[in-house]
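Participant: okay, here's the prediction I keep looking at, along with the sequence it came from:
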Amino acid sequence: MYGKCTRYRVKGIPGVKDRSFDALQDAKTWLAQAQTDARRGEFVDPRDGAISLKDYIATHWWPTQSGDPSTIERIEQRVRRHIVPHLGAQPLNASGTEVLRHWKKRPEKARSDLDPSRLGNALQHPPGRRRGPSPRTQSMSVQHVGPPAATPGRVEAWPPEGVLAVRAALPDRYQLLLVIGAGLGLRQGEALGLALEDIDFAKEVVHVRRQVKMVRARLCFALPKGRKVRDVPLPSSVARAIQQHTEQFAPIPVTLPWDDPTPAETPVEAKHRRPRAYYSLLVTGRERKAINRNYLNSCVWKPALAEAGVIAPLEEGNTNGARVREPSREHGFHAPRHFYASEELEAGESVVSLACWLGHSDPGFTLRKYSHFLPRAAHTGAPPSTRFSRSRSRSRSRSRSRGRSAGPVERGS
């Protein structure tokens, strides 16, 4: 089977179906476990159609999942909320394409909590097997069951006046977060994890090295999304805003676990997850600790959006706080990041450079997401030689591209 499918096959165990593996060691490990369970009479082949999807998930599929803790948590939530309640009782040999199509097309009222994008994410994690005529058809096929069409739309950037209005509505302690998002294009977790030692004022560069993320309702430090660090040019207006903020709110020590806050089970995990301190975290909460994103979004960000007129204010007499405000996902912390991307493209910056600064691994993704901002740059009236001469000098490139993206920050400082 070399070069065509999996390379090593385990066969000949009484009562156990043949199984193939990519690696020899995996085949040996599964063989030893299967032989032991077969002798004890405890072996349950996950490809046996009698086992339910719920039991298969709990016994065979979920224990094998590994990866980023926050990603694993999201997968677990999708499976627990949207797959197990509706498909968990199905036998594996009945959990085929037809069942999935009925699940996708069930009445809207039955899945009102599951929008098209989340249903598409749930379909990406089909933890099941069904019995088939050959090993090649044993996987539960979902390639013919695509997610429902999402509502057509595209990314829209706030106008400069909107950025200034939201910044003015934020408490002084949190205004720098908007400056970081609109002037550097950082994600929310990266802005919360930015420290003073990450700022190189002399070279006008910001080193994006970490983020503050939440795993199982607990905070921890981790590498940026995709586990990729990067450097972003520093506009002079953002540098001044950082200096003014540190004069008013002095950076303080913040210590959090690294990558995963759950208790370690091995010495290697304990060494990897040991708490780490960054003594100059730029933005902290009222208790002078790392900021919880749920608190920031509900109690700081949304009230500022309402005050700035971006979303509707709460009704009179409503005392339930931000939890009952209108949905405003398009106005989350990514909105300043979209503003940053639109200003850079209008200033004539290349898509490749913008993708690097935003932390996108594929410039094609950046182009697909923000391509509708490109025509606007051609209608601003600036001569092409002026708009694109920025690439000839690195210093001039910074001043021109950043001059536009930092304009609202400059005027609001």
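Facilitator: Done, it's in.
Participant: contacts and neighbour counts: CA atoms only from here.
Facilitator: Noted.
Participant: okay, now V79: neighbour count?
Facilitator: Close neighbours of V79, defined as other C-alpha atoms under 10 Å, add up to 23.
Participant: also the one 5 residues further on?
Facilitator: Each residue near V84 was counted by other C-alpha under 10 Å, and the total is 16.
Participant: repeat that for Q33.
Facilitator: Each residue near Q33 was counted by other C-alpha under 10 Å, and the total is 11.
Participant: with V229 instead?
Facilitator: Other residues near V229 come to 13 when the count uses other C-alpha under 10 Å.
Participant: quick check: it vs A202, distance?
Facilitator: Counting by C-alpha to C-alpha, to the nearest Å, the gap from V229 to A202 is 20 Å.
Participant: equivalent analysis for P251, please.
Facilitator: From P251 to A202 the distance is 20 Å (C-alpha to C-alpha).
Participant: got it, and D172?
Facilitator: Relative to A202, D172 is positioned 26 Å away (C-alpha to C-alpha).
Participant: also G364?
Facilitator: For G364, the distance to A202 (C-alpha to C-alpha) stands at 32 Å.
Participant: who's more crowded, those two?
Facilitator: Taking other C-alpha under 10 Å, G364 and A202 do not tie; G364 has more neighbours (14 against 7).
Participant: go through the helix or strand hosting that one and flag the buried ones.
Facilitator: G364 belongs to helix 363-370 when assigned by DSSP states H and E. Across helix 363-370, burial judged by 16 or more other C-alpha atoms under 10 Å covers P363, T366, L367, Y370.
Participant: now render these as TSV, adding pLDDT and distance to P257.
Facilitator: Compiled in TSV, those are given as follows (pLDDT from 0 to 100; distance: C-alpha to C-alpha, whole Å):
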residue	pLDDT	distance to P257
P363	91	32
T366	91	32
L367	89	36
Y370	89	35
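Participant: can you redo the residues you listed as TSV with distance to A32?
Facilitator: Formatted as TSV, these follow (distance: C-alpha to C-alpha, whole Å):
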residue	distance to A32
P363	46
T366	48
L367	50
Y370	53
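Participant: closest to R80 among these?
Facilitator: Closest approach between these and R80, by C-alpha to C-alpha: T366, at 32.3 Å.
Participant: residues contacting that closest one?
Facilitator: T366 makes contact with V351, L354, A355, H360, according to C-alpha atoms under 8 Å, 6 or more residues apart in numbering.
Participant: rerun that using 6 Å as the cut-off
Facilitator: A355 (C-alpha atoms under 6 Å, 6 or more residues apart in numbering).
Participant: any idea how far it lies from L223?
Facilitator: Counting by C-alpha to C-alpha, the separation of T366 from L223 is 21 Å.
Participant: now do P253
Facilitator: From P253 over to L223 the distance is 19 Å, taken as C-alpha to C-alpha.
Participant: so between the two, which is more surrounded?
Facilitator: The residue with more neighbours, out of P253 and L223, is L223; 19 against 14, by other C-alpha under 10 Å.
Participant: wait, that one touches K213, no?
Facilitator: No: at 9.4 Å, L223 does not count as touching K213 under the criterion of C-alpha atoms under 6 Å.
Participant: now do the strands in the stretch 101-250 of the chain.
Facilitator: For the stretch 101-250 of the chain, the strands defined by DSSP state E, counting those that start in this stretch occupy 199-200, 205-208, 211-215, 218-222, 230-233.
Participant: direction included, what does the first one pair up with?
Facilitator: So that's strand 199-200. Its sheet considered, strand 199-200 pairs with strand 205-208 (antiparallel) by DSSP bridges.
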